[in-house]
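Peer 1: Would you be able to build a 3D model of this:
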Amino acid sequence: MEQTTISITSEFGIDEPDIVEVPDPSIEVLEETENYGRFRLGPLTRGYATTLGTPLRRVLLSSLKGAAVTWIKIDGVLHEYSEIPGMRENVQTFMLNVKKIRLRGHTNRPGKMRLEANGEGEISAGDIIAPADFEIVNPELRLGYIDNAEASVTVEFNVETGEGYIPAASHEGFPIGHLPVDAIYSPVVRVNYSVERTRVGQFTNYESLLLEIWTDGTKAPTSAIQEATDTLLSHFFILKNVGTEPQTPTKSMGVSPEIYNMPLEQLELTGRTFNAMKRHGLSKVGEILAMAPEEWLNIRNFGEKSRSELNAKLEALGLNDEETVTDDVASIESSEETDIQVEDQETE
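Peer 2: Sure thing, here's the model as predicted:
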């Protein structure tokens, strides 16, 4: 908590110092629904609302991960200028509707969805058969209309995860019949921020950041803020180590700060393994790597099957040398402790 001194003139004409306690900045959720959130962060020193608001807005709009359809394959159609047999809509109109499908991904792996429609009637996104890895959050979206009782339409959808927006024109080398679609990965539709003057005691030179976030429903606004903040922190972590001696390369890839601070959720573990580690107080990959594999078995409800699963996930990240991984984690923790000691000495 910051302390600010102001002078108050007493009845005897003497300036008496008065200490005003300035509370630490905190974030307040003013309003939140599944696709809208309004937040206030403050009190902040003048100028910091814009300093924080600008990068947050940019990351929220362009750097959050999401899932989207990247190409489709329609039976009997070779290119985007064709007609779809039995449908009122042509291929281009159908693809524009497909672009509006909003997907919540539960994995980083690509996947396939399939649509099989028969007989006259409207086709919506809810008619698409999706795997457990992907969830369509706007099933009511209209895709087209079959106007022939004897017609049938079969469509294959390719789904991938990514960031931001990737236009269809950037995709090359697709086989004939594979039609690229504009991929809108970003779950955030709109972001707005404003600066509000804030009074703290007798002072009016503080401010608050008011942040509004609109999403497409695939990600909650609070989750969007957390992910954007993690992205910014991972980049600032690099700047924090400027001027320090680079570590001697080891025979393995080592543990990067991004992997060390990766949340457990991103490992996509089974519910039993994930819940066991969470109840043990573990929340990020670095905390697991700091433990010897034998110590994992001391976690309640964590057995050999869970250990094998966790080892497989770590190997997928390139962390397959247990001895070297432990050394790298110790090096990172030692480096952080050294930084704290140096800061304490400078403060003294």
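Peer 1: From now on I want contacts and neighbour counts done on CA atoms only, so please keep to that.
Peer 2: Fine.
Peer 1: who touches the residue positioned nearest the centre of the chain in this structure?
Peer 2: Nearest to the geometric centre of the chain sits residue 227, at 4.0 Å (Cα atoms, centre = their mean). Residue 227 is in contact with residue 64, counting by Cα atoms under 8 Å, 6 or more residues apart in numbering.
Peer 1: Tell me if it really is in a helix.
Peer 2: Yes: secondary structure of residue 227 (DSSP: H, G, I helix; E, B strand; the rest coil): part of a helix.
Peer 1: Can you show me the strands along the stretch 101-250 of the chain?
Peer 2: Along the stretch 101-250 of the chain, counting by DSSP state E, counting those that start in this stretch, strands occupy 103-105, 111-118, 121-124, 134-136, 142-146, 152-163, 165-166, 179-180, 183-184, 188-200, 203-215.
Peer 1: what residues does the second one touch?
Peer 2: With contacts defined as Cα under 8 Å, 6+ apart, strand 111-118 is touched by 123, 127-131, 133, 149-160.
Peer 1: Domain-wise, how is the protein divided?
Peer 2: 2-61+189-219, 65-184, 257-347 (automatic domain parsing).
Peer 1: What's opposite residue 37 in the beta bridge?
Peer 2: Assessed by DSSP bridges, residue 37 has beta-bridge partners residue 32, residue 213.
Peer 1: Quick check: it vs residue 223, distance?
Peer 2: Distance, residue 37 to residue 223, using Cα to Cα, to the nearest Å: 10 Å.
Peer 1: higher neighbour count, the two?
Peer 2: residue 37 (21 against 10; other Cα atoms under 10 Å).
Peer 1: State the pLDDT value of that one.
Peer 2: As predicted, residue 37 sits at a pLDDT of 97.
Peer 1: just checking, it touches residue 217?
Peer 2: No: judged on Cα atoms under 8 Å, residue 37 makes no contact with residue 217 at a distance of 11.4 Å.
Peer 1: can you tell me the helix or strand for the nearest residue to residue 234 once chain neighbours are set aside?
Peer 2: Counting by Cα to Cα, 6 or more residues apart in numbering, residue 258 is the residue found nearest to residue 234 once chain neighbours are left out, at 6.2 Å. Per DSSP states H and E, residue 258 falls inside helix 257-260.
Peer 1: Who are the packing partners of that helix?
Peer 2: Contacts defined by 3 or more Cα pairs under 8 Å, 6 or more residues apart in numbering; DSSP states H and E place helix 257-260 against helix 221-240, helix 285-289.
Peer 1: in this structure, what spans have low per-residue confidence?
Peer 2: 1-20, 245-255, 320-348 (pLDDT under 70).
Peer 1: May I have stretch 114-123 exported as CSV, CA atoms only?
Peer 2: Provided in CSV are the C-alpha atoms of stretch 114-123 (Å, rounded to 0.1, in the frame of the first residue of the first chain):
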residue,chain,number,x,y,z
ARG,A,114,-19.4,-33.8,-40.7
LEU,A,115,-22.8,-32.7,-42.0
GLU,A,116,-25.3,-35.1,-43.5
ALA,A,117,-28.7,-33.6,-44.5
ASN,A,118,-31.5,-35.3,-46.4
GLY,A,119,-34.8,-34.1,-47.7
GLU,A,120,-36.3,-30.6,-47.8
GLY,A,121,-35.7,-28.2,-44.9
GLU,A,122,-33.4,-25.8,-43.3
ILE,A,123,-29.8,-26.7,-42.3
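Peer 1: Next, count neighbours for the residue nearest to residue 234.
Peer 2: Residue 258 has 17 nearby residues by other Cα under 10 Å.
Peer 1: got the contact list for the closest residue in space to residue 310 that isn't next to it in sequence?
Peer 2: Nearest non-adjacent residue to residue 310, counting by Cα to Cα, 6+ apart: residue 269, 7.5 Å away. Applying Cα under 8 Å, 6+ apart, one finds that residue 269 lies in contact with 309-310, 313.
Peer 1: Any figure for the gap between the residue nearest to residue 234 and residue 196?
Peer 2: 34 Å.
Peer 1: So the closest residue to residue 124 other than its chain neighbours versus residue 121, what's the distance?
Peer 2: Leaving aside its sequence neighbours, residue 124 sits nearest to residue 142 (Cα to Cα, 6+ apart; 4.4 Å). Between residue 142 and residue 121 the computed distance is 11 Å (Cα to Cα).
Peer 1: ok, now residue 174?
Peer 2: 31 Å.
Peer 1: Could you do residue 176 as well?
Peer 2: Residue 176 is 29 Å from residue 121, by Cα to Cα.
Peer 1: Pick out whichever of those two has more residues nearby.
Peer 2: residue 121 (14 against 10).
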